[in-house]
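>>> Provide a 3D model corresponding to the input given below.
(chains A and B)
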Amino acid sequence: MLFHIILRETRSNILSLRMFLTLILTLTVFGLGTFTFVVNYQAERQLFERSQQLKIERVKNIAEERGLVHLARRIFNQDFGPRSNSFISNSREKYLPQRFQYDSYHVLSFHPLAMSRNALIESFQQLSWMFIISIIISFTVLLLAYDTVSGEKEARTLALSLSNSVSRGLVLFGKYLSVILSTILVLVPGIALSLVIIQSSGKISITRGTLVEIGLFLAVAILFVACITAFGILASVLTHRANVSLVAALSFWLLFVVVVPNTAIYWAQSLFPIEKMENVMRRIDMEREDVEKQMPEGWSENRSSYVENRAKLENDLLAAEMKVRRDWYNQMFNQYERTRLITSLSPVALFEYLCEAVVGGGYLRFRKNWRDMKSFQLEYLQFVKETDANDPESPHQLNPGIEFGSRKPVAIADVPFFNEKAPSLPERFSHAGIYLLLMVIYTAGAFALSFVLFLRYDVR
Amino acid sequence: MIFSIALKEFHNNLLTARFTIGFVLCLFLIPFSLVVNLKDYREQLKAYEIERVNVEKSYQVRVYSALRPEIVRPPEPLSVFSKGISDNMGNKFKILLGRQVVGASGLQTARENLLLNSFFSMDFCTILVVILSLLAMLFTYDACSGERESGTLRLMLANPVHRWKVLIGKLIGVCLTLLPVILFCFALSALIVLLAPQVSFSAGEWLRVGMLIPVSMVFFGLFMLIGLFFSCCLRSSSASIVLCLLVWVLSIFIIPNLANSLAASLVAPPSHGDMRVANEQVIAEFRKKMWAKLRSGFNQVGPEAFVWSMEQEEFMYIDMYMELAGGTRSTMDVYRQFFEFVEPLRIECADKKWVFQKEYIDKYVVQMRLAKRLALLSPTDVFRQVASALCRTDADTRSLRFLESLRRYRDDFIDYLEDKNLFSSYEYFTRQPPETFMDVDEIVRVRSGGQFNSIAEYRQWRKEGGDGSPLEKVPIPGTEITDYPPLELTDMPVFEWKSPSMLGGLRQSMGKIAGIIIVGVVLFFLTFVYFVRYDVR
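Numbers count the residues shown, from 1 in each chain, chains lettered A, B, ... in the order given. Model (predicted):
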């Protein structure tokens, strides 16, 4: 019986005008979006590689001409380039910090990469799969689902359906599955077209890892479609008239797509305020003063231990500053993560975070790199110390302030560079955990509510 | 008759759920967006006030090489209504000899936490356009098809009334419904702005906000006509709503994003690295010449080189501040010749770099223009472009023209320095009058109170382990740089930024508004044709 209902519903969906229109729209947008991705990715990749090459040249100049001690305290930029799987989800990486500043003593700060975007253009979203699904497909789902119950009631076919010996739950579930199925029928050609374009461009290779990501993405996308469908059905059983359910469905959609994500900054600023920059700078100054006070009286006059003391002071000053900075950065991360939890009220935002986990991009990538960068810096410092220890002429007092170390040139081949590692699958799953749970709860909740309402639905 | 149809539509619409929900959404979203934007604005204003005080202090200089005007731009109050690109650029601009004005430094966004920039927020104009365009279509999509389905259209047309009158009546009815919502949105936003502390708009700015009202009506008119058009072409109201909603999603979410990505793929982004390399070459060439000049100067002077009080700052070969006092005549002459030679070279170097920089910027400008042109396909984006032009937050006003006028100002400033022959004057780096320059032995003799008779004796003393303290015995008046008062800069050109007048801004957007009106008229005509031929059964 369930099969019968699904078949009937899906057939009527497929033949409908909305299905036809959204299919055309989806195919066009998937096509154009992938085209822009392929072209933009190539251009961005080139620019990124060029800038990496220039960076290595700069490092080389300093290492080979000015020697180890200058290299150790020169601040370099570590940039993060475009991701080859960002056609699945771009995760707003252009608006997240993509540049870390580091030397061998510390990882100083993170910044957005100014040159990765055109400052004359307002913020916009790339047309990645994630974006297309979270906007167009979710909209389509609501268009398909809003009148499944109220529309049939108006057409008076609902009473006929229910006069058969079939439970109401089964009818509702059949309708529910058929909307999901029809949506998948719209989705799959779009994704296939997109993959064909990427393959035929020949510039981006689809590896096994990408295939796993695509698979996971499809699973997440189906879950998302199921969630939105549940809300669409809910809108449909809320009222007895199709055009009122349409308005209800649209309100859900506006709430998820427009209201919740766009009020995030308000919540962040009013619920989770963080320390002001001036305040942090003042704290840093205070900490530094404290460190200076702790130095033994008249240390700078004492010639014999000057170098040692000065190096100690410089190291302590930096440690004091970094303590305050790290604390401040943690405040930022907390503020951001908590705000994300608030925006998790919206399945559309949840879907975006899940996709971020699937592709290992966005904030997940940023946090992972930030952590990895820290361990890379320790490794880099280790390298500097070892190289310094091998130089008998060096005073062996490395510090971030003054060059008390080896001035011997260093071969560029020996200098360690940071290698970005994509988040591993367990890391992605643990990032996705809470969002996945919430999505399942929303889906089950909305469907259960519509089930209860449907049981009490007056079909006359 | 038109009037009674309009009134009927109005009553009908007022009672519907869509009206209530649209109204509630506006009521909910507008305060949120305004509060966020007002907070951003206030933070920017605070930073601006602090910077302005600093900048005024920076004009308190004693020599011309220290005089480099700094301009702090006030934040745009109208960004509260339409954010545009007002957050994309810093607020501080420094005029330097060795670099054209290409960008800004200083505070960029008002937000401490850079991560928050990945949450987007809609400004007032975007919310208005998102919700009201939806409402406009929701009110019109079933104007004909819905009435046909319920059978009332037949009854209405059974009266002795022209079909065009019915059509106009319906339009007026929807206008009557939307008008209070639009006015309410504006009134609410004006109230929030008026109640906000520290934010005050001038009359001109209120006028610009006021201009947004008629402009927004033109756009909502268009959306009403789109809804009406679909309603008259199609026989079922569910088909017309689907079409309306797809048009809406396309014009708000798809076309603007697609236009920006397409523009980026059609116009490749310029390479920052390559521009930097080209600039570094120019600088390296300059650096070589600069050091050669300085070295040859000091080789001539030899042991005579001596300066008592000195302060200098070198800014990556882009500019150089130097202030001297109590130097020997020959040293001062070396520096005078140095600056006479080097400053024009520095300006030339800036011009050479500007060629590459301009090429770089121009690519982004072309990209932006293309993106805007492609986005014209979406009526809502046209509205946002017009609104940001009215609010002075579009790329042209906020960034390109402003930088243009700063570049003109830099030319004026350089002309001013050249007209007064400052590069070849002593005043460029010292305030000590040339007639009081002494020779080196005399300086050492006077300062040491006769302990040394010549610089050679003093150097010998230092070599034997003596310190510099004997030279501090007898101070010579007028040989400390701090002995002199700041320069009087009454005739220096002052930077003035006149943002384009409102009429100028409107004239710029006239084409777009006219385009929308023409499309509207065509749509109305088509709707009319379809409605006349509409089968009401």
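>>> Let me see the contact set for residue B:135.
Going by C-beta atoms under 8 Å, 6 or more residues apart in numbering or on different chains, residue B:135 touches B:18-19, B:22, B:178, B:181. Heads up, the C-betas are built off the backbone N, CA and C, glycines and all.
>>> at 7 Å what do you get?
Contact analysis of residue B:135 by C-beta atoms under 7 Å, 6 or more residues apart in numbering or on different chains lists B:18, B:22, B:178, B:181.
>>> Secondary structure, neighbour count and pLDDT for the residues you listed - can I get that in TSV?
Converted to TSV, the contacts of residue B:135 look like this (DSSP: H, G, I helix; E, B strand; the rest coil; neighbours: other C-beta atoms under 10 Å in any protein chain shown; pLDDT from 0 to 100):
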residue	secondary structure	neighbour count	pLDDT
B:18	helix	20	77
B:22	helix	25	79
B:178	helix	24	84
B:181	helix	19	85
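>>> you'd agree residue B:444 is up against residue B:456?
No - using C-beta atoms under 7 Å as the test, residue B:444 is too far from residue B:456 to be in contact (9.1 Å).
>>> Between the two, which is the more surrounded one?
More crowded of residue B:444 and residue B:456, by other C-beta atoms under 10 Å in any protein chain shown: residue B:444, with 23 against 13.
>>> Now the element after the helix or strand harbouring that one, going C-ward?
Using DSSP states H and E, residue B:444 sits in helix B:440-447. Beyond helix B:440-447 on the C-terminal side, the first helix or strand identified by DSSP H and E is helix B:455-463.
>>> what comes up buried for that next one?
Buried residues in helix B:455-463, counted by 16 or more other C-beta atoms under 10 Å in any protein chain shown: B:455, B:458, B:461.
>>> list the helices and strands it packs on?
Applying 3 or more C-beta pairs under 7 Å, 6 or more residues apart in numbering or on different chains; DSSP states H and E, one finds that helix B:455-463 contacts helix B:440-447.
>>> got the buried residues for the helix it packs on?
Taking 16+ other C-beta under 10 Å as the criterion, helix B:440-447 shows B:440-441, B:443-447 as buried.
>>> repeat for stretch A:60-79
Applying a neighbour-count criterion of 16+ other C-beta under 10 Å, one finds A:60, A:62-63, A:67-69, A:71-73, A:76, A:78-79 buried in stretch A:60-79.
>>> Likewise for stretch A:307-326?
A:308-318, A:320-322, A:324-325.
>>> does that stretch come close to chain B?
No - applying C-beta under 7 Å from any C-beta of the partner chain, one finds stretch A:307-326 separated from chain B by no less than 13.0 Å.
>>> what separates that stretch from the chain centre, distance-wise?
Mean-position distance between stretch A:307-326 and its chain equals 34 Å (C-alpha atoms, centre = their mean, to the nearest Å).
>>> which residues touch that stretch?
A:105-106, A:280, A:283-284, A:287-288, A:291, A:295, A:299, A:395, A:397-402, A:404.
>>> Filter the buried residues of stretch A:60-79 down to the ones in strands?
A:76, A:78-79 (DSSP state E).
>>> Go through these and say which is closest to chain B.
residue A:79 (10.5 Å; C-beta to the nearest C-beta).
>>> who's in contact with the closest residue to residue B:58 other than its chain neighbours?
Take residue B:58 and drop its neighbours on the chain: the residue closest to it by C-beta to C-beta, 6 or more residues apart in numbering or on different chains is residue B:70, 5.4 Å away. The contact partners of residue B:70, taken as C-beta under 7 Å, 6+ apart, are B:55, B:58, B:92, B:94.
>>> let's see it at 8 Å
Counting by C-beta under 8 Å, 6+ apart, residue B:70 makes contact with B:55, B:58, B:92-95.
>>> and of those residues, the nearest to residue A:176?
Distance to residue A:176, by C-beta to C-beta, is smallest for residue B:92 among those, at 57.6 Å.
>>> quick one: the closest one from residue B:523, how far?
48 Å (C-beta to C-beta, to the nearest Å).
>>> In JSON lines, list the buried residues of helix B:455-463 along with distance to residue B:518 and pLDDT.
Putting the buried residues of helix B:455-463 into JSON lines (distance: C-beta to C-beta, whole Å; pLDDT from 0 to 100) gives the following:
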{"residue": "B:455", "distance to residue B:518": "85", "pLDDT": "82"}
{"residue": "B:458", "distance to residue B:518": "87", "pLDDT": "83"}
{"residue": "B:461", "distance to residue B:518": "90", "pLDDT": "83"}
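>>> Return the closest of the residues you listed with respect to residue B:474.
For the buried residues of helix B:455-463, the nearest to residue B:474 is residue B:458 (13.8 Å; C-beta to C-beta).
>>> Residue B:445 is in contact with that closest one, correct?
No - in this structure residue B:458 lies outside contact range of residue B:445 using C-beta atoms under 8 Å: 9.4 Å.
>>> what is in contact with the two at once?
Shared contacts of residue B:458 and residue B:445, defined by C-beta under 8 Å, 6+ apart, comprise residue B:452.
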